[in-house]
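Visitor: need a structure here:
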Amino acid sequence: MGKFIVEIEQVGKRLDLFVISVIKDLSRMNAKRLIEDGNVKVNSKNSKVSYKVQNGDIIEIHIPEAKQLDLKAQEIPIEVVYEDSDIIVVNKPKGLVVHPANGNWDGTLVNAVMAICKDSLSGIGGEVRPGIVHRLDKDTSGLLIIAKNDKAHINMSNEIKNREVKKVYIALVRGIVAENEATINMPIGRSNKDRKKMAVVKNGKEAITHFKVIKRFDKYTLLEVKIDTGRTHQIRVHLSEIGYPVVGDEIYSNGKNEFGVHGQLLHAKSLDFKHPITGKDMHLEAELPVEFKNVLKKLEEERWCTWKR
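Guide: Predicted coordinates:
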């Protein structure tokens with residue numbers, strides 16, 4: 001990327017803050033990752049993120065290309081909702097893991113997108129997350145943005161960080177929700193009882209979820225959900241915490257699965273954001289999965305039969 005000499009007015013800045021001051025549009029998280037991975041040198045040596053730069057320091061910054069592991073492009077059926085030279089937006093099906101990890105080195109969304117985009121993916125996400133700007137849980141379906149180049153990745157990451165991307169989810173929950181709309185503001189962190197789960201905890205990170213009732217059925221409610229923050233399992237944890245777990249959720253609904261569905265009935269329906277390169281206002285939508293529609297159809301039929309009686 002280049003060499004930068006620290007000037008007098010920059011003295012005392014943390015190294016990560018210096019990096020984002022000289023590389024426009026780079027997020028602090030990505031600057032931290034570059035430093036920790038040894039891609040930022042101070043006077044030809046590795047340094048800590050917290051290092052405070054001194055007058056005359058020579059800062060060398062290198063943004064690496066995505067490493068090519070043994071990740072293979074795989075022809076996995078996936079709906080492309082939008083694509084151009086900078087981003088691709090897909091409708092992720094339920095059951096598909098977003099990126100490779102232990103136990104899932106293939107058969108992921110990344111493998112599928114590699115087959116579509118070939119070598120055109122951002123490298124900032126790292127060697128196993130090329131292009132991945134945000135994520136969805138394995139059993140949550142819906143819209144996901146993937147960056148094809150580093151500038152698009154940086155700009156999209158900043159939009160998400162600044163809460164400028166508007167996401168709308170549809171969820172079917174157990175129980176009849178009384179309020180027509182409400183906001184849940186409860187901090188989320190690792191569960192103290194089960195470290196594999198998330199939970200509402202006193203010292204967790206801020207998490208804000210808004211919901212609005214779309215339709216009430218006998219024993220169930222269909223909700224439109226919006227989030228201001230993007231904590232792991234946020235919607236599922238919040239709705240379970242207030243007594244309305246998402247139908248089919250194998251982790252936060254006490255193991256109940258009335259309709260025999262595979263995973264939670266939670267779908268990322270729409271996205272509103274500014275295109276990371278052109279600045280154009282984007283609005284994209286994805287239909288509910290067939291399984292989700294079938295459950296709603298069954299509930300409608302049951303309600304009709306009850307009304308006829």
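
Visitor: ok, Pro187 - contacts?
Guide: 200-207 (Cβ atoms under 8 Å, 6 or more residues apart in numbering). Yep, even glycine has a C-beta here, placed from its N, CA and C like the rest.

Visitor: pipe those residues into JSON lines and attach pLDDT, secondary structure and neighbour count per row.
Guide: Converted to JSON lines, those look like this (pLDDT from 0 to 100; DSSP: H, G, I helix; E, B strand; the rest coil; neighbours: other Cβ atoms under 10 Å):
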{"residue": "Val200", "pLDDT": "96", "secondary structure": "strand", "neighbour count": "17"}
{"residue": "Val201", "pLDDT": "94", "secondary structure": "coil", "neighbour count": "15"}
{"residue": "Lys202", "pLDDT": "90", "secondary structure": "coil", "neighbour count": "8"}
{"residue": "Asn203", "pLDDT": "88", "secondary structure": "coil", "neighbour count": "6"}
{"residue": "Gly204", "pLDDT": "91", "secondary structure": "coil", "neighbour count": "17"}
{"residue": "Lys205", "pLDDT": "91", "secondary structure": "strand", "neighbour count": "12"}
{"residue": "Glu206", "pLDDT": "94", "secondary structure": "coil", "neighbour count": "11"}
{"residue": "Ala207", "pLDDT": "95", "secondary structure": "coil", "neighbour count": "24"}
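
Visitor: looking at these, which one is closest to Tyr51?
Guide: Lys205 (25.9 Å; Cβ to Cβ).

Visitor: doesn't Thr229 make contact with the closest one?
Guide: Yes: counting by Cβ atoms under 8 Å, Thr229 is a contact partner of Lys205 at 7.4 Å.

Visitor: which stretches of the stretch 1-150 of the chain form strands?
Guide: For the stretch 1-150 of the chain, the strands defined by DSSP state E, counting those that start in this stretch occupy 2-5, 40-42, 45-46, 58-61, 79-83, 87-92, 141-147.

Visitor: out of those, deepest packed?
Guide: Stretch with highest mean neighbour count among these: strand 141-147 (a mean of 26; mean count of other Cβ atoms under 10 Å).

Visitor: in terms of pLDDT, where does the spatially closest residue to Leu109 that is not a sequence neighbour sit?
Guide: Among residues not flanking Leu109 along the chain, Val98 sits closest, at 4.8 Å (Cβ to Cβ, 6 or more residues apart in numbering). Per-residue pLDDT puts Val98 at 85.

Visitor: now do the contacts for Val98.
Guide: Val98 makes contact with 92, 108-110, 132, 135-136, 138, 144, according to Cβ under 8 Å, 6+ apart.

Visitor: so for the nearest residue to Asp228 once chain neighbours are set aside, what's the pLDDT?
Guide: Spatial nearest neighbour of Asp228, excluding adjacent residues (Cβ to Cβ, 6+ apart): Ile208 at 4.0 Å. On pLDDT, Ile208 comes in at 96.

Visitor: and the residue nearest to Leu109, how close does it get to Lys161?
Guide: Relative to Lys161, Val98 is positioned 19 Å away (Cβ to Cβ, to the nearest Å).

Visitor: name the next helix or strand downstream of the strand or helix carrying Tyr169, please.
Guide: For Tyr169, the element it lies in under DSSP states H and E is strand 166-174. The helix or strand immediately downstream of strand 166-174 is strand 181-185, counting by DSSP H and E.

Visitor: tell me the helices and strands packed up against that next one.
Guide: Packing partners of strand 181-185 (3 or more Cβ pairs under 8 Å, 6 or more residues apart in numbering; DSSP states H and E): strand 208-216, helix 234-241.

Visitor: can you say which of these is packed in most?
Guide: Of the helices and strands packed on strand 181-185, the one with the most neighbours on average (mean count of other Cβ under 10 Å) is helix 234-241, at a mean of 24.
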